[in-house]
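**Student:** Predicted model, plus sequence, below.
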Amino acid sequence: QNVILNGELLERGEASIDIEDRGYQFGDGVYEVIRVYNGKMFTEEEHLERLWASAASIGIEIPYSKEQLQEQLKALVEKDKLSLGTVYLQFTRGISPRKHPFPAGGVTPTFVAYTREVGRPVEKLQAGVKAIITDDIRWLRCDIKSLNLLGNLLANQKAAEAGCDEAVLHREGRVTEGSHSNISIVKDGKIHTHPANHFILNGISRRVMLEICKRENISVIEEPFTLEELTQADEVFLTGTTVEVMPVVELAGKEISGGKPGPLTRKLQDLFKNEIE
Ligand code: PDD
């Protein structure tokens, strides 16, 4: 397997990270996960734009142009002969003696990228998944795709321990998102989803879904919804790079839409599939 480390294509075993890399010590960095379908990065532009935005919001300057980064990622996907999978990439602030303030005089960010073969979760897309509901204990800048994922990990671990795929997060009864996906509900033919503000990651798959809705004249209400609305929804689905449009058929042990994916979720799944083919 090949990896990119600071612009160089290396064998995985040759790549090493310093123990005082701020990403390793502090989670001081940002990342993206990009889907590869048919050897091509899906919505690559959007992911790179969000990467730049995340980096800028924590004062990391990416030492490449978007075109340079695109070329590197393309070379990696080609070298790995990746047809269906993901590209993971991250920039940390860089290497510096451990101190909280950003290194004085600047530091070169550490860039890592590698691919992974990942199939489409066809069975789960067909049958739907189960989710738990838990407190959103994360910080207030969830719009930044930061390496600091402990709040997400703790929630997802709880889900895993309950035999579920996702944890639906809420702040005092207002649903925000999943631990690694965005969430939407359907009520009376309308889609409700949290607005893209500091409380959620503005998911690229969420945006693809919203574009589809616009085109298809499906009503969308981008406003926070409550736990009560969630549990009484006609349909619930997740969106994300790895989960696509994923039906949730059981929430906190109770069936949603009769334990089967609902019709609007099915329609969105089909339309999403058209986008990626
Ligand atoms: N997760 N919300 C959170 C907290 C996420 O971590 C993700 C993605 C999403 C969906 O975003 P997008 O549609 O752009 O993938 C929403 C990635 C895949 C991950 O951490 O593995």
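**Tutor:** That came in fine, so what should we check first? Numbers count the residues shown, from 1 in each chain.
**Student:** ends of stretch 80-96, how far apart?
**Tutor:** With C-alpha to C-alpha, to the nearest Å as the measure, stretch 80-96 spans 32 Å from end to end.
**Student:** Adjust the sequence numbering to begin at 743 for everything that follows.
**Tutor:** Okay, residue one is now 743; in that scheme the one you just asked about reads as stretch 822-838.
**Student:** show me where the stretch 893-1019 of the chain has helices.
**Tutor:** 946-957, 969-973, 1005-1018 (DSSP state H, counting those that start in this stretch).
**Student:** residues touching the closest residue to the ligand within the stretch 793-942 of the chain, list them.
**Tutor:** Going by C-beta to the nearest ligand atom, the ligand is nearest to residue 922 of the stretch 793-942 of the chain, at 4.1 Å. No exception for glycine: its C-beta is placed from N, CA and C like everyone else's. The neighbours of residue 922, taking C-beta atoms under 8 Å, 6 or more residues apart in numbering as the test, are 894, 898, 908, 982, 984.
**Student:** what's the farthest-apart pair in those?
**Tutor:** 894 and 984 (13.6 Å; C-beta to C-beta).
**Student:** the more surrounded of the two?
**Tutor:** Neighbour comparison, residue 894 and residue 984: the larger count goes to residue 894, with 21 against 15 (by other C-beta atoms under 10 Å).
**Student:** Quick check: the more buried one touching residue 880?
**Tutor:** Yes: using C-beta atoms under 8 Å, residue 894 makes contact with residue 880 at a distance of 6.9 Å.
**Student:** Got the phi and psi for the residue of the stretch 793-942 of the chain closest to the ligand?
**Tutor:** The phi/psi pair for residue 922 (degrees, to the nearest 10) reads phi -150, psi 30.
**Student:** what number of residues lie near residue 1014?
**Tutor:** Applying other C-beta under 10 Å, I find that residue 1014 has 18 neighbouring residues.
**Student:** mind showing which ranges of the stretch 793-942 of the chain have poor pLDDT?
**Tutor:** Residues of the stretch 793-942 of the chain meeting the criterion pLDDT under 70: none.
**Student:** how about the residues of it near the ligand?
**Tutor:** 894, 919, 922-924 (C-beta under 6 Å from any ligand atom).
**Student:** any idea how far residue 896 is from the residue of the stretch 793-942 of the chain closest to the ligand?
**Tutor:** 12 Å (C-beta to C-beta, to the nearest Å).
**Student:** For residue 763, which residues count as its bridge partners?
**Tutor:** Beta-bridge pairing for residue 763 (DSSP bridges): residue 837.
**Student:** Domain parsing of the protein, as residue ranges.
**Tutor:** 744-859, 864-1018 (automatic domain parsing).
**Student:** Would you pull up how far the longest one lies from the middle of the chain?
**Tutor:** In other words, domain 864-1018. In terms of C-alpha atoms, centre = their mean, to the nearest Å, the centre of domain 864-1018 is found 11 Å from the chain centre.
**Student:** Okay, strands next: where are they in the stretch 843-992 of the chain?
**Tutor:** For the stretch 843-992 of the chain, the strands defined by DSSP state E, counting those that start in this stretch cover 852-859, 871-877, 908-913, 916-920, 924-929, 932-935, 962-963, 967-968, 977-982, 986-993.
**Student:** And the first one, what's buried?
**Tutor:** Of the residues in strand 852-859, those scored as buried under the neighbour-count criterion (16 or more other C-beta atoms under 10 Å) are 852-857.
**Student:** Contacts only, for the nearest residue to residue 752 once chain neighbours are set aside.
**Tutor:** Nearest residue to residue 752, sequence neighbours excluded (C-beta to C-beta, 6 or more residues apart in numbering): residue 745, at 5.7 Å. Residue 745 makes contact with 751-754, 757, 818, 854-856, according to C-beta under 8 Å, 6+ apart.
**Student:** 10 Å instead, please
**Tutor:** By C-beta atoms under 10 Å, 6 or more residues apart in numbering, the residues touching residue 745 are 751-757, 818, 822, 830, 854-857.
**Student:** again, but for residue 913
**Tutor:** Contacts of residue 913 by C-beta under 10 Å, 6+ apart are 877-880, 882, 941, 966.
**Student:** That one and residue 898, how far apart?
**Tutor:** 17 Å.
**Student:** Residue 975 now?
**Tutor:** Applying C-beta to C-beta to residue 975 and residue 898 gives a distance of 22 Å.
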